[in-house]
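A.B. asks: below: sequence and its predicted model.
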Amino acid sequence: MEEILETYTATELEHVKVWFKAASTKDFPVDGGACIKYKDKQIAVFNFARLDKWYACQNVCPHKMEMVLSRGMIGDDKGTPKVACPLHKKTFSLENGENLNGDLEAIATYPVKIENDFVYIGFSE
Ligand code: FES
């Protein structure tokens, strides 16, 4: 099951080769997440309206390999925007993917940009 995690590679802005046009900004709940598909990846995309920011990360939670993070609650951990997995509440930084309340592997995060009311996710391949 862990091989699912190899599908996801954290991507820094400077390594983006493809800006994938995911969906209209209206397709994402305010202060919530939705899942999009890019190739064989499921990506959780968050419209963090309270911070006026957008975030993207792998949808799979590394705890039990469930595709659920897009349905997680978003919030704040000492100034770090985070998502809590809806199943067992493991939390991850939306900035760098770090597991904030445990020792799970970091999740992969991806750059997001908004252009003309469309959401684009940055991938390195
Ligand atoms: S599956 Fe995500 S915390 Fe358990």
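C.D. replies: Looks like it arrived, so ask away. Residues are numbered from 1 along each chain as shown.
A.B. asks: who in the chain is up against the ligand?
C.D. replies: In this structure, the chain approaches the ligand at residues 61, 63-64, 66, 85, 87-88, 90, judged by CB under 6 Å from any ligand atom. In this view, the C-beta of every residue, glycine as well, is placed from N, C-alpha and C.
A.B. asks: tell me the buried residues within these.
C.D. replies: Buried members of those, counted by 16 or more other CB atoms under 10 Å: 61, 63, 85, 90.
A.B. asks: before we move on, back to that, which of the residues of the chain next to the ligand sit farthest apart?
C.D. replies: The largest separation in the residues of the chain next to the ligand, counting by CB to CB, is between Glu66 and Lys90 at 10.8 Å.
A.B. asks: Asn47 bridge partners, please.
C.D. replies: On the basis of DSSP bridges, Asn47 is bridged to Gly32, Trp54.
A.B. asks: tell me which residue lies nearest the centroid of the protein.
C.D. replies: Against the mean C-alpha coordinate of the chain, by CA atoms, centre = their mean, the closest residue is Cys57 at 2.1 Å.
A.B. asks: residues contacting it?
C.D. replies: 43-44, 46, 69, 83, 92, 94, 97, 107-110 (CB atoms under 8 Å, 6 or more residues apart in numbering).
A.B. asks: repeat that for Asn99.
C.D. replies: Taking CB under 8 Å, 6+ apart as the criterion, Asn99 is in contact with 62, 90-92, 105-107.
A.B. asks: follow-up on the earlier one: let me have the residues of the chain next to the ligand in TSV, extended by secondary structure and pLDDT.
C.D. replies: Shown next, in TSV, are the residues of the chain next to the ligand (DSSP: H, G, I helix; E, B strand; the rest coil; pLDDT from 0 to 100):
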residue	secondary structure	pLDDT
Cys61	strand	98
His63	coil	97
Lys64	coil	96
Glu66	strand	97
Cys85	coil	98
Leu87	coil	98
His88	coil	97
Lys90	coil	98
